[in-house]
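Asker: coordinates for the following, if possible.
(2 chains)
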Amino acid sequence: MTNITRRHFVKILSAATAVGSFGFSATTIAQTGGRVVVIGGGFGGATCAKYIRRYGPGIGVALIEPDAKYITCPFSDTVLAGINSMDFITHDYGKLRETHGVNVVQDTATAIDPVGKTVSTKGGKTLPYDRLVVSPGIDFRWGQIEGYDEAASEIMPHAWKAGTQTELLRKQLGAMPDGGVVIIAPPPNPFRAPDAPYERASMVAHYLKNTKPKSKVLIVDSKSNFEMHDLFTQAWEKFYPGMIDWVEGSDVLTRVDLKEMKIYAPGGGSFKGDVINVIPPQQAGAITQTAGLTDASGWCPIDQRTFESSKHKDIHIIGDACIAGDMPKAGSAANTQAKVCAAAIVSSLTGGTLPDATLISIFYLLIDPQYVLSDVGVYRLAEGKLKKVSGGASSLKATETHRRKEAKYAESWYSSITSDAFR
Amino acid sequence: MVKLTSLTTALIVSFVTALSLTVPARAEGIDRIKLLADACAVCHGTDGRGSKKIPKLNEGEVKVDDFVETLHGFASGEEKATVMDKIAKGLQEDDYKLLAEYFYGLK
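Answerer: Model (predicted):
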């Protein structure tokens, strides 16, 4: 039998009470398991919140997202084509809350204190964190194209963030008379979803072919080439002969004239359109700029193994906003990065080891309901950078059957990735 | 001096147990194959539960030998693929069997 003094015993009791460990309620364990705040409820943020809860059920996760529902850019071009409704591309956060126990906070994160480790919101909340995940997507470099400020997007929509912009562009296409010209003007690299402007041209052409067949689609590019050029050209010749023109460019548009409905390219060329979809130059989402998480490029440098910011400790950045080696800026890249990030955070909080990771990004380009292209990449860390170890786009020599299969897989992919992220 | 009664012992034991619940006694990492398998969820669904035309992989749906043989087939070109050829080539061959076993037993 051990003898201890009464004084010593009372000391042990009060220490225990201070730690709060006597009650071992679920709250206590959750609190002591750690708190993670996630900024952004898109493919990156939602997936990350869900997977942190899966890998570390003792960890509390709060996700801050301004919108009540998430509207996806993937498949938004089918809404432009009149194939799907806005409902089809809209997802709520019910399952994240109910099934995964994520505290989804409808609010806008306005500031990060990386020393005090808190996030402030527009609604006046202050959320403390042990680890922070920032997945804000992109923001536009307003004014880099002279005349293209945020107000200009009400006349020449970008629809490069889905939602009201998608509806606006759809409305404009619907109102355009037969024989009109639709201009799509993509920016220089890097930007979100670099092959998507050409998908958009295809889906718009699909709509026009069926409803306003004398109309044209003109792509005024900022680049002299794009990766899937031959694949798209082959498909356009088959489905939309004479309807889609691609004009190569050397740099970003110089200016827009909202009144005359004209855009101006470097070198002096100007183009007039009835509907003009300007896709402006981009950078990492606004909160990363104000929080000092970006570098001179306007994107966020990170440790590509853990996605931890190179600028501030205990802050992780995933998705479009981060610089991730060979990985594209795409929803499925954000989705795969989110899981490695979740694993890194959980390991860090529980003292475990983060295993070597393989990341897989895959997306589809919709040309016609029966003809779809894919692009896949498998990535692993090599000398500190995420290197593409395998992958590629669909073959030029694929059969019609193959293209139809990819169309079916694309539909299935949309269902699986949105379930994986939001449900 | 306080004599250590059985109640006191019980309190001290529960205090120590509580401490070990809050401070991990053993560092548990996330399993490498679990993390790899979760990358497949983008198409095959969370936990490989499947999605429309994309096959279900979990809950004994695919026999281990079939899974391994199919991945080898994708990598070699013997098995027709749209994207799985490129994915199989990007995985380490030794992981085919580990993934197969993981998915087979996954609920």
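Asker: can you show me the helices along chain B?
Answerer: Under the criterion DSSP state H, helices of chain B are mapped to B:6-22, B:32-39, B:41-44, B:64-76, B:84-90, B:94-104.
Asker: I'd like those helices as JSON lines, with mean pLDDT appended.
Answerer: Shown next, in JSON lines, are the helices of chain B (pLDDT from 0 to 100):
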{"stretch": "helix B:6-22", "mean pLDDT": "49"}
{"stretch": "helix B:32-39", "mean pLDDT": "98"}
{"stretch": "helix B:41-44", "mean pLDDT": "98"}
{"stretch": "helix B:64-76", "mean pLDDT": "98"}
{"stretch": "helix B:84-90", "mean pLDDT": "98"}
{"stretch": "helix B:94-104", "mean pLDDT": "98"}
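Asker: ranking these by burial, who's on top?
Answerer: Comparing the helices of chain B by mean neighbour count (mean count of other CB atoms under 10 Å in any protein chain shown), helix B:41-44 comes out on top with a mean of 26. C-beta here means a position set from N, CA and C on the backbone, and glycine is covered the same way.
Asker: of all the residues in chain B, which one is nearest chain A?
Answerer: Minimum separation of chain B from chain A (CB to the nearest CB) falls at B:Gly90, amounting to 2.8 Å.
Asker: before we move on, the earlier item: make a markdown table out of the helices of chain B and add distance to A:Thr110.
Answerer: Putting the helices of chain B into a markdown table (distance: least, CB to CB, whole Å) gives the following:
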| stretch | distance to A:Thr110 |
| --- | --- |
| helix B:6-22 | 33 |
| helix B:32-39 | 32 |
| helix B:41-44 | 32 |
| helix B:64-76 | 47 |
| helix B:84-90 | 40 |
| helix B:94-104 | 42 |
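Asker: closest to A:Pro66 out of those?
Answerer: helix B:41-44 (25.3 Å; CB to CB).
Asker: for the residue in the stretch 201-350 of chain A that chain B sits nearest to, helix, strand, or coil?
Answerer: Going by CB to the nearest CB, chain B is nearest to A:Ala343 of the stretch 201-350 of chain A, at 4.6 Å. Judged by DSSP: H, G, I helix; E, B strand; the rest coil, the three-state class of A:Ala343 is helix.
Asker: quick check: A:Lys117 touching A:Tyr129?
Answerer: Yes - with contacts counted by CB atoms under 8 Å, A:Lys117 reaches A:Tyr129, the gap being 5.4 Å.
Asker: find residues that contact each of these two.
Answerer: Common neighbours of A:Lys117 and A:Tyr129 (criterion: CB atoms under 8 Å, 6 or more residues apart in numbering or on different chains): A:Asp314.
Asker: these two: which has the busier surroundings?
Answerer: A:Tyr129 (23 against 19; other CB atoms under 10 Å in any protein chain shown).
Asker: residues touching that one, list them.
Answerer: A:Arg35, A:Val36, A:Val37, A:Lys117, A:Thr118, A:Val119, A:Asp314.
Asker: tell me where chain A has helices.
Answerer: Ranges of helices within chain A are A:6-19, A:26-33, A:43-55, A:76-80, A:94-98, A:164-175, A:196-211, A:229-239, A:286-290, A:331-350, A:400-422, based on DSSP H.
Asker: tell me which of these sits most buried.
Answerer: helix A:43-55 (a mean of 28).
Asker: circling back: out of the helices of chain B, nearest to A:Thr233?
Answerer: Using CB to CB, the helices of chain B put helix B:84-90 closest to A:Thr233, at 22.3 Å.
Asker: how far out from the middle of the chain is the closest one?
Answerer: Computed by CA atoms, centre = their mean, to the nearest Å, the chain-centroid distance of helix B:84-90 equals 20 Å.
Asker: so which other helices or strands are in contact with it?
Answerer: Under the contact criterion of 3 or more CB pairs under 8 Å, 6 or more residues apart in numbering or on different chains; DSSP states H and E, helix B:84-90 touches strand A:358-368, strand A:371-382, strand A:385-393, helix B:64-76.
Asker: thinking again about what came up before, how about the nearest residue to the residue of the stretch 201-350 of chain A closest to chain B, chain neighbours excluded?
Answerer: Leaving aside its sequence neighbours, A:Ala343 sits nearest to B:Ile30 (CB to CB, 6 or more residues apart in numbering or on different chains; 4.6 Å).
Asker: hmm, back to that, the contacts of A:Tyr129: which two are farthest apart?
Answerer: A:Val36 and A:Thr118 (13.1 Å).
Asker: between those two, which has more neighbouring residues?
Answerer: A:Val36 (27 against 16).
Asker: give me the beta-bridge partners of that one?
Answerer: A:Val61, A:Arg131 (DSSP bridges).
Asker: quick check: A:Leu349 touching A:Gly60?
Answerer: No - the pair A:Leu349 / A:Gly60 is not scored as a contact, 10.6 Å apart, by CB under 8 Å.
Asker: mutual contacts of the two, please.
Answerer: Shared contacts of A:Leu349 and A:Gly60, defined by CB under 8 Å, 6+ apart, are found at A:Gly33, A:Gly34, A:Val36.
Asker: turn the residues you listed into JSON lines, including pLDDT and distance to A:Lys262.
Answerer: JSON lines is the format used below for the shared contacts of A:Leu349 and A:Gly60 (pLDDT from 0 to 100; distance: CB to CB, whole Å):
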{"residue": "A:Gly33", "pLDDT": "87", "distance to A:Lys262": "58"}
{"residue": "A:Gly34", "pLDDT": "96", "distance to A:Lys262": "55"}
{"residue": "A:Val36", "pLDDT": "98", "distance to A:Lys262": "48"}
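Asker: what's the closest of the residues you listed to chain B?
Answerer: Nearest member of the shared contacts of A:Leu349 and A:Gly60 to chain B, counting by CB to the nearest CB, is A:Gly33, at 8.4 Å.
Asker: wait, which of the helices of chain B is closest to A:Thr99?
Answerer: Going by CB to CB, the one of the helices of chain B nearest A:Thr99 is helix B:41-44, 14.8 Å.
Asker: helices or strands next to that closest one in the packing?
Answerer: Applying 3+ CB pairs under 8 Å, 6+ apart, we find helix B:41-44 packed against helix A:331-350, strand A:358-368, helix A:400-422.
Asker: how far off centre is the longest one?
Answerer: If you compare the mean C-alpha spot of helix A:400-422 with that of the full chain, they lie 18 Å apart, counting by CA atoms, centre = their mean.
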